[in-house]
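*Asks:* here are the coordinates; sequence isn't available:
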């Protein structure tokens with residue numbers, strides 16, 4: 001009989017950690033698990049498609065309709081609601097993802113087997129996105145919650161090391177690298193970027209350099225460095241004077257980057273959210289991430305799938321990618337160096353990755369491998385609990 005498993009998330013939206021959750025659930029063996037997806041907040045239309053996918057994979061989806069205020073100030077009450085639901089569904093194994101689910105699941109009694117996937121380097125993210133006061137408070141709450149889990153899993157070695165170094169945990173966190181769902185997808189280099197740009201309705205010249213950047217929600221994305229590096233390139237080489245920067249995503253940082261791009265004389269295009277970044281990566285000349293901190297960096301794997309050259313900041317999670325894909329080492333740059341970023345962009349624009357290296361990299365960061373590793377953790381925790 002399949003083991004009931006609860007996966008607790010804050011809100012079902014097809015981005016970030018929920019992409020990882022979907023990939024995990026898709027490849028869990030159905031004869032072994034009966035997944036229940038618990039959405040703490042109220043459902044939104046943005047999550048309808050993903051919600052339907054969960055149902056098509058044999059999952060039950062339940063929403064607790066908790067507001068953010070209730071999650072933050074009434075955590076114990078929400079935890080009691082979750083406990084009642086889990087008891088009704090006869091579930092002991094509970095897997096949480098992100099801040100509020102961690103706070104809630106941590107409050108469950110010890111008879112539940114609790115594990116959490118750590119998707120970011122929390123103190124850095126919280127302080128950057130919420131400010132020192134609120135961010136510090138969130139980090140304090142999360143630290144107190146995480147000690148109540150039976151197992152913590154970082155999405156990269158860099159993330160796992162961060163928590164092991166910053167927390168006094170009863171059991172050290174372990175790592176399971178994120179994976180992407182490759183069903184119906186394969187390595188796909190675009191030989192005709194001009195036609196693809198036209199198909200995507202991108203307002204750029206067919207042969208002009210196009211730099212792709214993703215994410216506008218956090219100052220840690222550090223896109224200002226990219227804009228200044230491109231301005232430096234344009235001042236030295238005619239080729240880069242016609243370049244554009246295409247930003248995907250939405251967030252509070254957009255206005256500041258628009259102002260900076262205008263002051264530097266750079267054509268910046270803010271395209272909003274898209275359902276799939278891979279076609280845009282295929283249309284780009286180079287994908288650039290100048291990020292100062294990343295828990296993982298799923299877009300790097302997606303760029304490899306698109307065979308898009310990359311210039312990446314020299315941070316722990318990206319160095320981890322480079323160990324699996326050595327070609328990336330040549331275009332790593334310090335996240336505070338405009339000069340080195342400019343050099344990396346120019347170098348990456350001339351690069352071509354070998355298909356064998358790309359295939360090895362994509363296979364390693366695949367959803368089936370990730371899901372199998374979670375399956376082994378689940379079985380280990382269940383065996384330990386029953387012994």
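*Replies:* Received the coordinates, thanks. These numbers were taken from a predicted model, which means no experiment stands behind them.
*Asks:* quick one: buried residues of the longest helix seen in the chain?
*Replies:* Counting by DSSP state H, the longest helix found in the chain is helix 122-146. Using 16 or more other CB atoms under 10 Å as the burial criterion, the residues of helix 122-146 that qualify are 122-129, 135, 138-139, 141-143, 145-146. C-beta here means a position set from N, CA and C on the backbone, and glycine is covered the same way.
*Asks:* Check which helices and strands that helix sits against.
*Replies:* helix 99-106, helix 157-166 (3 or more CB pairs under 8 Å, 6 or more residues apart in numbering; DSSP states H and E).
*Asks:* The next helix or strand after the longest one pairs with which strands?
*Replies:* The reference is to helix 157-166. Next helix or strand after helix 157-166 toward the C-terminus (DSSP states H and E): strand 174-175. Paired strands of strand 174-175, with direction, are strand 151-154 (parallel) (DSSP bridges).
*Asks:* just checking, next helix/strand downstream of the least confident helix or strand in the chain by mean pLDDT?
*Replies:* Across the helices and strands of the chain, mean confidence by mean pLDDT, DSSP states H and E is lowest for helix 355-364: a mean of 91. Counting by DSSP H and E, the next helix or strand C-terminal to helix 355-364 is helix 367-386.
*Asks:* other SSEs contacting that next one?
*Replies:* With contacts defined as 3+ CB pairs under 8 Å, 6+ apart, helix 367-386 has these neighbours: strand 3-9, helix 17-27, strand 93-97, strand 113-118, strand 151-154.
*Asks:* Using neighbour counts, pick out the buried residues of it.
*Replies:* For helix 367-386, burial by neighbour count (16+ other CB under 10 Å) applies to 367, 370-371, 373-375, 378, 381.
*Asks:* same deal with stretch 144-158?
*Replies:* Those would be 145-146, 149-158, for stretch 144-158 by 16+ other CB under 10 Å.
*Asks:* Average pLDDT for it, rounded please.
*Replies:* The average pLDDT for stretch 144-158 rounds to 96.
*Asks:* what's the span of stretch 87-107 from first residue to last?
*Replies:* Chord length of stretch 87-107, first to last residue, is 15 Å (CA to CA, to the nearest Å).
*Asks:* Pull out the buried positions in that stretch.
*Replies:* For stretch 87-107, using 16+ other CB under 10 Å, the buried residues are 91-107.
*Asks:* Same question for stretch 276-283.
*Replies:* Under the neighbour-count criterion of 16+ other CB under 10 Å, stretch 276-283 has 277-283 buried.
*Asks:* swap in stretch 214-221?
*Replies:* Buried residues in stretch 214-221 (16+ other CB under 10 Å): 214-218, 220-221.
*Asks:* Quickly list the domain ranges of this protein.
*Replies:* 3-181+366-385, 193-364 (the TED database).
*Asks:* Of all these, which one comes closest to residue 187?
*Replies:* Nearest to residue 187, of all the domains of the chain, is domain 193-364, at 5.7 Å by CB to CB.
*Asks:* Between the two ends of the closest one, what distance do you get?
*Replies:* Domain 193-364: ends 28 Å apart by CA to CA.
*Asks:* thinking again about what came up before, angle of the longest helix of the chain against strand 93-97?
*Replies:* 160 degrees (axes from the mean of the first three to the mean of the last three CA atoms, to 10 degrees).
*Asks:* Could I get the full set of helices for the stretch 151-300 of the chain?
*Replies:* 157-166, 193-199, 223-236, 254-264, 278-283, 298-305 (DSSP state H, counting those that start in this stretch).
*Asks:* which other residues reach the third one?
*Replies:* Residues external to helix 223-236 that are found in contact with it (CB atoms under 8 Å, 6 or more residues apart in numbering): 211, 213, 216, 240-241, 243, 245, 247, 253, 256-257, 260-261, 264-266, 268, 288, 290, 335-339, 341-342, 345-346.
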